[in-house]
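Engineer: Predicted model and sequence follow; I will ask about them next.
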Amino acid sequence: MAKRVTKAVIPAAGLGTRFLPATKAMPKEMLPVVDKPAIQYVVEEAVDAGLHDVLMVTGRNKNALENHFDRATELEASLVQKGDTDRLEKVNYSTDLADMHYVRQGDPKGLGHAVLRAKMHVGDEAFAVLLGDDIIDSRDTLLDRMLEVQQEKNATVVALLEVDPSQIHLYGAAAVETTDADDVVRVTGLVEKPDREHAPSNYAIIGRYVLRPEVFEVLERTEPGKGGEIQLTDALETLAADESIAGGVYGVVFRGRRYDTGDRLDYIKAIVQLAVDRADLGPELRPWLREFAAGLDDAPASHEIVDEMTTTPADSLASPRN
């Protein structure tokens, strides 16, 4: 039985170019999903799973992330003076949510490099990695199950999602073998963003990992891969190929609700999906949506404007990113 995991690492150093100009002066992780920044959902997920020690790997112009989880004394005083206890409670909640730590990534060398920057903080123990672009619905279980499997197997655990084969090139793909558990597979190989014809399966790696500390040594000798970056997938491939290094790699197959806030269209969908289930917003939003949808057709509106300045081929991708 492995030692219980207590630390979470959240890479948050990406530039967020898909959301320009909104992210010119604001980190993409601070974009609101209904009334909370996307990053808060991720930190809440870690805390709900018992991981109160959170290290965020940031970059330049990411000070807003630290400010969000820090005290805001002037704002708090103003809310106290107004007697606005509801909003004061929300402000204080994010401040007291977790024991937050921060480290700069420095050179943007990829997700593997961002994880490697956590080495000094994590030390010689297993830890979780949560990517800020992926929001897992709090009503569905993923990280808790991954931590359970990691403790049982004393191995590395990744989150897997079955996707349409036509979309597998957007993700890392896993070759798998079944186990006695319906939602757990053994990962025998991984490929970063394969084309459909060469993908080992349609099991895509999504942005949740529970890693043994041996991954740091592997990352230190991992050469840059696709995009000239140090790919975490390549390090996981090494661990999957040789179980003697760190017990191999297992995958937890997730069948719940996941929202990709790193893609503009999926970001909009995430806001709508989460808002319609809110007790304070859903009752008024749902009938409005039905009325709005009833007036739509599939033909482009005559007044539709295409923003060529921000629409690029890369914007059509939905791959998990650092």
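Structural biologist: Here it is on my side, so go on. Because the structure is predicted, anything quoted here is derived from the model rather than measured. Numbering: from 1, shown residues only.

Engineer: Would you point out which residue is most central in the chain?
Structural biologist: When the chain is reduced to its mean C-alpha position, the closest residue under CA atoms, centre = their mean turns out to be residue 131, at 2.7 Å.

Engineer: Quickly find the element holding the closest residue to that one other than its chain neighbours.
Structural biologist: Distance criterion CB to CB, 6 or more residues apart in numbering; nearest residue to residue 131, sequence neighbours excluded, is residue 207 at 2.9 Å. Quick note: C-beta positions are derived from backbone N, CA and C, even for glycine. Taking DSSP states H and E as the criterion, residue 207 maps to strand 203-211.

Engineer: Now find how far off-centre that strand is within its chain.
Structural biologist: 9 Å (CA atoms, centre = their mean, to the nearest Å).

Engineer: now stretch 196-215
Structural biologist: Here the centre of stretch 196-215 is set off from its chain's centre by 14 Å, with CA atoms, centre = their mean.

Engineer: can you list contacts of the helix or strand of the chain with the lowest mean pLDDT?
Structural biologist: For the chain, scoring each helix and strand by mean pLDDT, DSSP states H and E identifies helix 243-246 as the least confident one, at a mean of 84. Helix 243-246 has contacts (CB atoms under 8 Å, 6 or more residues apart in numbering) with 155, 156, 212, 214, 215, 218, 238, 239.

Engineer: so is residue 109 in a helix, a strand, or just coil?
Structural biologist: Taken by DSSP: H, G, I helix; E, B strand; the rest coil, the conformation at residue 109 corresponds to coil.

Engineer: okay, now it: neighbour count?
Structural biologist: For residue 109, the neighbour count with other CB atoms under 10 Å is 17.

Engineer: Quick check: end-to-end length of stretch 202-218?
Structural biologist: For stretch 202-218, the first and last residues are 26 Å from each other (CA to CA, to the nearest Å).

Engineer: what is the rounded mean pLDDT of it?
Structural biologist: Along stretch 202-218, the predicted confidence averages to a pLDDT of 94.

Engineer: most neighbours, which of the contacts of helix 243-246?
Structural biologist: For the contacts of helix 243-246, neighbours tallied by other CB under 10 Å; top is residue 215, 28 neighbours.

Engineer: need the contact list for residue 273.
Structural biologist: By CB under 8 Å, 6+ apart, the contact set of residue 273 is 257, 259.

Engineer: Figure out the helix or strand that it lives in.
Structural biologist: helix 264-276.

Engineer: Check residue 158 too.
Structural biologist: Using DSSP H and E, residue 158 falls within strand 156-162.

Engineer: Give me the sheet partners of the next helix or strand after that strand and which way each runs.
Structural biologist: Elements were assigned by DSSP H and E; along the chain past strand 156-162, the next helix or strand is strand 172-178. Strand 172-178 has these partner strands in its sheet, going by DSSP bridges: strand 184-192 (antiparallel), strand 203-211 (antiparallel).

Engineer: what residues are up against the residue nearest to residue 131?
Structural biologist: Shown in contact with residue 207 (CB under 8 Å, 6+ apart): 129, 130, 131, 132, 133, 134, 159, 320.

Engineer: Widest-spaced pair of the residues you listed?
Structural biologist: Greatest spatial distance among the contacts of residue 207 (CB to CB): 132 and 159, at 14.5 Å.

Engineer: Retrieve the pLDDT associated with residue 172.
Structural biologist: pLDDT, residue 172: 85.

Engineer: Neighbours of residue 102, how many?
Structural biologist: Summarising burial for residue 102: neighbours were counted as other CB under 10 Å, giving 16.
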